[in-house]
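Enquirer: the following comprises the amino acid sequence and a computationally predicted model.
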Amino acid sequence: MPTIQTKHAHAPQTELYYETYGQGRPVVLIHGWPLSGRMWEGQIDALRHAGYQVVSYDRRGFGQSGKTATGYTYDVFASDLKDLLEALNLTDVTLVGFSMGGGEVSRYAGLYGTDRVRSAMLVASVAPYLLKTADNPDGGMTHEDVEGMVKQVAQNRPQFLAGFTKKFLNWDENGAKLGDEFLDFAAAMYMQASPVATQECVRAFGETDFRADLARLTVPTLVVHGDKDQIVPLAASGQRVPQYAPNAELHVMTGAPHGLNATHNDEFNKILLDFVAR
């Protein structure tokens with residue numbers, strides 16, 4: 001299996017599984033919770049056929065990457081992304097972060113700058129800050145929401161995530177198009193994940209403040225969000241990013257849920273390819 005070794009000094013070192021296809025300017029795809037790089041199949045095909053090198057990888061704790069006991073924080077995730085870019089010697093990169101993956105893009109810029117980065121996409125992303133606080137009243141989650149979600153994952157992960165997947169995809173509207181097999185596909189991804197990582201990442205994406213990081217995301221940035229997202233509502237997240245990221249523009253996909261790259265594959269791929277070509 002193709003892997004790279006992580007190097008963070010204060011987290012368990014592990015191996016990250018990645019896949020790379022095609023030749024050309026690199027596009028790195030960062031998956032959402034609780035999935036893996038497999039979620040990007042439709043985008044990998046579109047990008048490789050359009051003449052790009054496309055790289056997807058599994059976050060630590062997920063997919064085929066190492067399952068560490070600790071280290072599920074965005075400082076560590078951003079360091080892991082840095083290790084991947086350096087190990088594969090990728091420059092002039094477009095980073096595409098979906099949902100919690102938007103946090104990696106943001107924190108990477110906050111910690112390491114954008115010397116290797118050409119442009120960025122935040123897709124249905126958790127940025128700028130989901131937690132409701134005194135100075136962030138428009139966040140989408142309370143501490144009680146976060147801990148309630150962790151508790152449900154701990155008590156019966158398969159049951160909770162089966163329901164979560166239907167909400168992720170607005171299944172009542174999109175299930176007939178995708179087919180029940182797609183639920184099996186999603187389940188196969190999330191059951192590869194470590195139960196510990198699945199729980200701890202809820203705290204990471206629910207409680208991490210990316211507002212200062214977005215100020216350092218100075219490259220052209222496209223924020224793509226569905227107006228029917230039930231997981232990370234547009235008003236609590238994507239709509240707010242341009243307040244903090246200097247070169248961000250917002251593209252709202254009408255009628256799209258959280259998992260818009262699957263339910264609205266053709267529309268999303270056109271947006272993706274048009275942006276990457278800039």
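Expert: Received it, and whenever you're ready, just let me know what you need. Numbers count the residues shown, from 1 in each chain.
Enquirer: what separates the host helix or strand of residue 212 from the chain centre, distance-wise?
Expert: Taking DSSP states H and E as the definition, one finds residue 212 inside helix 211-215. Centre-to-centre, helix 211-215 and its host chain are 17 Å apart (CA atoms, centre = their mean, to the nearest Å).
Enquirer: give the buried residues for it.
Expert: By 16 or more other CB atoms under 10 Å, the buried positions in helix 211-215 come out as 211, 213-214. For the C-beta atoms, the positions are set from N, CA and C on the backbone; glycine is no exception.
Enquirer: where along the protein do the helices fall?
Expert: 41-49, 74-87, 101-112, 143-155, 157-168, 171-178, 180-190, 195-207, 211-215, 260-263, 265-276 (DSSP state H).
Enquirer: dump those into JSON lines; add mean pLDDT and distance to residue 22 as well.
Expert: Listed next are those as JSON lines, based on pLDDT from 0 to 100; distance: least, CB to CB, whole Å:
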{"stretch": "helix 41-49", "mean pLDDT": "98", "distance to residue 22": "4"}
{"stretch": "helix 74-87", "mean pLDDT": "98", "distance to residue 22": "17"}
{"stretch": "helix 101-112", "mean pLDDT": "98", "distance to residue 22": "20"}
{"stretch": "helix 143-155", "mean pLDDT": "98", "distance to residue 22": "35"}
{"stretch": "helix 157-168", "mean pLDDT": "97", "distance to residue 22": "28"}
{"stretch": "helix 171-178", "mean pLDDT": "98", "distance to residue 22": "26"}
{"stretch": "helix 180-190", "mean pLDDT": "97", "distance to residue 22": "22"}
{"stretch": "helix 195-207", "mean pLDDT": "98", "distance to residue 22": "29"}
{"stretch": "helix 211-215", "mean pLDDT": "98", "distance to residue 22": "29"}
{"stretch": "helix 260-263", "mean pLDDT": "98", "distance to residue 22": "18"}
{"stretch": "helix 265-276", "mean pLDDT": "98", "distance to residue 22": "12"}
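Enquirer: make TSV from these and add distance to residue 133 to it.
Expert: Converted to TSV, the helices of the chain look like this (distance: least, CB to CB, whole Å):
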stretch	distance to residue 133
helix 41-49	34
helix 74-87	17
helix 101-112	17
helix 143-155	9
helix 157-168	25
helix 171-178	32
helix 180-190	29
helix 195-207	9
helix 211-215	11
helix 260-263	28
helix 265-276	32
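Enquirer: which outside residues touch stretch 210-219?
Expert: Outside of stretch 210-219, the residues within contact range by CB atoms under 8 Å, 6 or more residues apart in numbering are 74, 102-103, 105-107, 109-111, 113-114, 117-120, 126-129, 241, 244-248.
Enquirer: from these, which would you call buried?
Expert: Applying 16+ other CB under 10 Å to those, the neighbour count classes 74, 102-103, 105-107, 109-110, 114, 117-120, 126-129, 241, 244-245, 248 as buried.
Enquirer: can you redo the buried residues of helix 211-215 as a markdown table with distance to residue 140?
Expert: Converted to a markdown table, those look like this (distance: CB to CB, whole Å):
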| residue | distance to residue 140 |
| --- | --- |
| 211 | 14 |
| 213 | 18 |
| 214 | 16 |
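Enquirer: closest to residue 194 out of those?
Expert: residue 213 (25.4 Å; CB to CB).
Enquirer: just give the nearest non-adjacent residue to the closest one, would you?
Expert: residue 110 (3.0 Å; CB to CB, 6 or more residues apart in numbering).
Enquirer: list the contacts of that neighbour.
Expert: 78, 210, 212-217.
Enquirer: check those residues and tell me the two furthest apart.
Expert: Farthest pair in those (CB to CB) is 78 and 215. Separation: 15.2 Å.
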